[in-house]
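In: Have a look at this prediction, sequence included:
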Amino acid sequence: MKKHAILCIDDEAIILLALKQELKLHFRDRYTIATALNVEQAKNTMETLEKEGRAVELVICDWLMPGTRGDTFLAELRAKNPLRKLLVITGHADRDAIETFQSKVQARILYKPWKSEDLITTVEELLREQPDKS
């Protein structure tokens with residue numbers, strides 16, 4: 001059986017470590033938890049995971065990062081795959097920008113600093129969602 005992956009992207013290593021630890025603690029070995037410090041690294045990681053036969057089931061991405069911003073990257077992912085599960089984590093973006101982004105990209109939002117139970121609940125909900133094929 002192929003193991004699916006969750007990809008976490010944030011330019012702050014401490015945030016990535018926290019995400020990875022919380023997700024690993026909860027999911028144990030049900031998912032590969034991959035990390036990337038920027039969008040370029042994320043693209044390479046996704047490619048590697050897919051070559052290994054591991055589907056990236058969920059992408060968790062910071063909103064504001066140097067280089068390509070998270071919201072831009074997630075919009076690209078949504079355009080390529082309308083069924084991909086996406087979660088934005090942010091402590092910086094304003095509410096109007098978030099509402100505009102949500103209406104276009106249909107990604108869930110989690111605000112920094114998050115509570116561990118909120119992260120796990122949100123991720124569990126996203127992973128349980130069945131793709132709408134209508």
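Out: Ah, there it is.

In: Buried residues, the worst-scoring helix or strand of the chain on mean pLDDT. List them.
Out: None of the helices or strands of the chain scores lower by mean pLDDT, DSSP states H and E than helix 95-105, at a mean of 84. For helix 95-105, the neighbour count (16 or more other Cβ atoms under 10 Å) marks 98, 101, 105 as buried. For every residue, glycine as well, the C-beta is placed using N, CA and C.

In: what comes into contact with stretch 51-65?
Out: Contacts with stretch 51-65, where a contact means Cβ atoms under 8 Å, 6 or more residues apart in numbering, come from 2-12, 15, 19, 31-32, 34, 38-39, 42, 46, 49-50, 69-71, 73-74, 77, 84-90, 92-93, 123, 126-127.

In: Could you identify the buried members of the residues you listed?
Out: By neighbour count, with 16+ other Cβ under 10 Å, these hold 4-11, 15, 19, 31-32, 34, 38-39, 42, 46, 49, 69-71, 73-74, 77, 84-90, 93, 123, 126 as buried.

In: which ones among those residues are found in strands?
Out: 4-9, 31-32, 34, 85-90 (DSSP state E).

In: So the residue positioned nearest the centre of the chain: helix, strand or coil?
Out: Centroid-nearest residue in the chain: residue 60, 1.4 Å away (criterion: Cα atoms, centre = their mean). Three-state assignment for residue 60 (DSSP: H, G, I helix; E, B strand; the rest coil): strand.
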